[in-house]
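# Let's see this in three dimensions:
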Amino acid sequence: MVEPLDPLTRFENSPKRRVGDVDVDCVSRADLVAWCAADIAAARHPPRLVMDLNGHALSLARRDPAYRACLAAADIVHADGGFLVTLSRHRAGPAIPERSATTDMIHDFARAFSDGTGSFYLLGGPEEINAACARELRRRYPGLAIAGRRHGFFGHEDEHGIIDHINRSGADIVWIGLGKPREQAIARRWRDRLTARWVITCGGCFNYVTGHYRRAPGWMQRANLEWLHRLCTDPRRLARRYAVTSPHALWIALHG
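Next comes the predicted model:
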């Protein structure tokens with residue numbers, strides 16, 4: 001009789017799918033939560049680096065060797081872009097089970113760890129957004145421990161103090177919302193100095209928690225059109241990005 005794999009071994013041996021220059025883990029949002037819980041229970045150190053892949057990231061990885069190296073150093077790269085899931089189901093190789101947008105994941109994790117088994121540190125965004133995100137998470141998930149938080153405006157000279165603050169907070173999961181490629185570079189650079197179990201890069205996720213950015217309707221999310229909703233609601237910030245990165249990312253995903 002074959003012995004069942006323990007959770008950590010099972011997750012660490014989950015299939016990966018090569019998309020362009022990046023290996024993507026074929027895991028669900030529930031898998032990610034369970035994987036994190038297992039790492040917290042095992043007191044994993046150094047922390048596991050968790051980064052996302054969407055169209056912007058796929059294009060940037062092709063153009064920026066330093067950013068590509070950050071993704072290669074991650075323990076987990078999950079599919080934030082819905083088109084990656086759709087393409088994986090129609091091409092040879094392992095399928096990605098579902099989209100794992102960080103804007104959904106932060107709620108998955110908050111709900112799962114509202115029993116006190118895991119705590120958050122929120123790093124990034126303006127002070128008012130960061131503080132509002134912490135308040136909203138506490139309101140929606142009353143048992144969730146927000147061990148600490150800090151806005152995202154700092155220089156290299158501040159990093160030692162911020163790392164010390166995160167470690168003293170005792171946070172299990174550090175959410176870094178500083179935007180690509182800065183958040184990935186910082187996560188990689190700080191990894192061996194942090195005592196947390198997971199470090200998750202999450203872009204503008206805090207803005208969605210607070211409602212300052214609005215999610216697309218469900219039908220647009222299911223049709224892989226959330227990017228279009230974002231473009232229409234914030235054209236000044238996103239028009240150039242999507243005009244350049246979306247066609248490039250699709251070409252990479254289709255042709256490698």
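# Backbone torsions only: list them for A145.
Dihedral angles of A145 (phi, psi; degrees, to the nearest 10) stand at phi -90, psi 110.
# right, I mislabeled it, should have said P181
Torsion angles at P181 (phi, psi; degrees, to the nearest 10) stand at phi -100, psi 10.
# how far away is the residue nearest to it when sequence neighbours are not counted from F154?
Distance criterion CB to CB, 6 or more residues apart in numbering; nearest residue to P181, sequence neighbours excluded, is Y67 at 4.1 Å. For glycine as for every other residue, the C-beta is placed from the backbone atoms N, C-alpha and C. Using CB to CB, to the nearest Å, Y67 is found at 20 Å from F154.
# Report pLDDT for the nearest residue to D21 once chain neighbours are set aside.
Leaving aside its chain neighbours, D21 sits nearest to A61 (4.9 Å; criterion: CB to CB, 6+ apart). A61 carries a pLDDT value of 98.
# again with A42
Predicted confidence (pLDDT) for A42: 94.
# Over to L5?
At L5, pLDDT is 61.
# can you check L8 too?
75.
# Buried residues, the helix or strand that contains the residue nearest to P181. List them.
Taking DSSP states H and E as the criterion, Y67 maps to helix 65-73. Along helix 65-73, these residues count as buried under the neighbour rule (16 or more other CB atoms under 10 Å): 67-68, 70-71.
# Between those, which sits nearest S169?
When those are ranked by distance to S169 (CB to CB), C70 comes first, at 24.1 Å.
# who touches the closest residue to the closest one other than its chain neighbours in this structure?
Excluding the flanking residues, the one nearest C70 by CB to CB, 6+ apart is Q184, at 3.9 Å. By CB atoms under 8 Å, 6 or more residues apart in numbering, the contact list for Q184 reads 51, 67, 70-71, 74, 201.
# could I get those as JSON lines with distance to V209 and pLDDT?
Formatted as JSON lines, these follow (distance: CB to CB, whole Å; pLDDT from 0 to 100):
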{"residue": "M51", "distance to V209": "19", "pLDDT": "98"}
{"residue": "Y67", "distance to V209": "25", "pLDDT": "98"}
{"residue": "C70", "distance to V209": "24", "pLDDT": "98"}
{"residue": "L71", "distance to V209": "24", "pLDDT": "98"}
{"residue": "A74", "distance to V209": "23", "pLDDT": "98"}
{"residue": "T201", "distance to V209": "15", "pLDDT": "98"}
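# Closest to A131 out of these?
Nearest to A131 out of the contacts of Q184 is T201 (CB to CB; 20.5 Å).
# Checking my notes, I176 in a strand, right?
Yes. The assignment for I176 is a strand, going by DSSP: H, G, I helix; E, B strand; the rest coil.
# And for it, the neighbour number?
The local packing of I176 (other CB atoms under 10 Å) involves 26 other residues.
# ok, now T103?
Count around T103 with other CB under 10 Å applied: 19.
# what comes into contact with the helix or strand in which it is found?
Per DSSP H and E, T103 falls inside helix 102-112. Residues from elsewhere that reach helix 102-112, judged by CB under 8 Å, 6+ apart: 29-30, 32-33, 36-37, 52, 78, 80, 118, 120, 137, 140-141, 144, 173, 175, 200-203, 205, 208-209, 215.
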